[in-house]
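1. structure for the following, please:
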Amino acid sequence: MVQFDANSANLINRAIYIKKIKNFINKPVIKVLVGMRRVGKSSLIKLLIGDLIKSGVPEHNIVYINKESLLFDDIKNYKDLFLYVTSILKEYGNNSQKYIFIDEIQEIHQWEKAVASLHTDNAGDIIITGSNANILSLELSTLISGRYITIPIYPLTFNEYLTFRKNYDDTEKEFQLYIRYGGLPAIHYLDFNDDIVFTFLNSILDTVIYKDIIGRYKIRDAGNLDKIIRYLFDNIGNITTAKKISDYFKAKKVKVSVDTVLNYMSYIETSLLIDKVQRYDVRGKKILEYFDKIYLNDIGLRHGLIGYREQDIGALLENIVYHELKARGYAVKVGVCDNYEIDFIAEKQNDKKYYQVCYLLQNEKLVEREFGNLKKIKDNYEKIVVSMDRFYPDEMDGIQHKYVIDFLMEGEKG
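-> Residues are numbered from 1 along each chain as shown. Okay, the predicted model is just below:
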């Protein structure tokens, strides 16, 4: 049975995700919510449980386990998990539908064995969360392959951010705060000033680094890990290779091998701090290997670690547009066309769009670069330049222009 007050009245409904999850409730698939720590997965579970109870589901038909709570510290492996769940369901046995929620499931050793068995035995509708990307690959692909769906949970989009802010007068001022503090929901319980928010964000980053990376992968050289994280955070939107990073440190008299960089980058990506985005040859229709770009899952964490810098606004806007597209359900690649770069190719189902992102279209050279790169693509899919120019023409030679705030407030329609 649930172990917390399921009253969700004080939680803000992230409707996009609730709708996606509810599409699969009472369907014979395991629901897997995956997102970095503090992105709001637990709140989504509480909202779902609250809705189930409001719909008439008895509380004793709902099992809730949160591995971040000491209440469940004794559940250390798949046997503990299986015994705990089955004992509760047996105690309150009846023939009506049961629901099993397990939060931060990667903290349970070999959890997939218990989940596979519970699913096979039709013990209940299973919803699990995790903050480690391996939950999408190694564990899930072993025992429950083909019996689950994954729903990525991202930091707040700007639309969601405004919902959390509730009372505000100036959308543009709020956008500047969004650029500065990022999209983790919990910051909205704090006073918005640098000392408070950045201290909080640093505590989240420390948790990810020490629990999800150093602890999980038994890293002994935390100093070099910290240096690599700082390098990645400082180079968002840039082509990044392990050799490039190794050479950078070598020039500073710090010895970090290419293999070490590769391993550490893999751990950082698995912890969901960063995304590596592949580059795609538009004409040759092939992936360009080894020259990925790096984007952060939350830009606020960057500013807490290395400080907020006005001169990085172009890269920050690019990062924001990238995650907006991901939140809208697009698969995103960086495009290359005749050695010219296209910031993003966004695709889902039969929909494809090309995006260029810049700060300001303040001279003819910038206009030619941003619009000209898109002109080189000869197909008929939408091509869009996004910038901070509020009053720039909406269209030029068949290529759209969108003011970044207007673009972000389109939501899934865009």
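
2. just the residues contacting the host helix or strand of Leu162, thanks.
-> Element membership of Leu162 [criterion: DSSP states H and E] is helix 158-165. Residues from elsewhere that reach helix 158-165 (CB atoms under 8 Å, 6 or more residues apart in numbering): 12, 14, 16, 156, 168, 171, 174-175, 178, 183, 185, 188, 320, 324, 405, 408-409, 411. C-beta: built from backbone N, CA, C; applies to glycine.

3. now do 7 Å
-> 12, 14, 156, 168, 174-175, 178, 183, 185, 188, 408-409, 411 (CB atoms under 7 Å, 6 or more residues apart in numbering).

4. and stretch 203-211, by the same measure?
-> Under the contact criterion CB under 7 Å, 6+ apart, stretch 203-211 has outside partners Met36, Arg37, Arg38, Leu184, Ser271, Leu273, Leu301, Gly304, Leu305.

5. hang on, the earlier thing: got a ChimeraX select line for the buried ones in the contacts of helix 158-165?
-> A single ChimeraX command is used to select the members of these judged buried by 16 or more other CB atoms under 10 Å:
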select :12,14,156,174,175,178,183,185,188,408,409
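
6. quick one: the residue nearest to the spatial centre of the chain from Leu52, how far?
-> The chain has Tyr154 as the residue nearest its centroid, 3.6 Å off, counting by CA atoms, centre = their mean. From Tyr154 over to Leu52 the distance is 24 Å, taken as CB to CB, to the nearest Å.

7. what's the answer for Arg230, then?
-> In terms of CB to CB, Arg230 sits 43 Å off from Leu52.

8. compare the two (neighbour count), which wins?
-> Leu52 (21 against 13; other CB atoms under 10 Å).

9. check for me that the more buried one belongs to a strand.
-> No. Applying DSSP: H, G, I helix; E, B strand; the rest coil, one finds Leu52 to be helix, outside a strand.

10. isn't it right up against Ile62?
-> Yes. With contact defined as CB atoms under 7 Å, Leu52 counts as touching Ile62 (6.4 Å).

11. report the buried residues of the lowest-mean-pLDDT helix or strand in the chain.
-> Ranked by mean pLDDT, DSSP states H and E, the weakest helix or strand in the chain is helix 140-143, scoring a mean of 77. Of the residues in helix 140-143, Leu140, Leu143 count as buried by neighbour count, 16+ other CB under 10 Å.

12. mind giving me the packing neighbours of that helix?
-> For helix 140-143, the packing partners by 3 or more CB pairs under 7 Å, 6 or more residues apart in numbering; DSSP states H and E come out as helix 111-120.

13. show me what secondary structure element comes after the helix it packs on.
-> Taking DSSP H and E as the definition, the helix or strand right after helix 111-120 is strand 125-130.

14. ok, the helix or strand harbouring Lys353: who's next to it in the sheet?
-> Element membership for Lys353, per DSSP H and E: strand 351-357. Using DSSP bridges, the strands paired with strand 351-357 are strand 340-348 (antiparallel), strand 382-387 (parallel).

15. fine, thanks again, bye for now.
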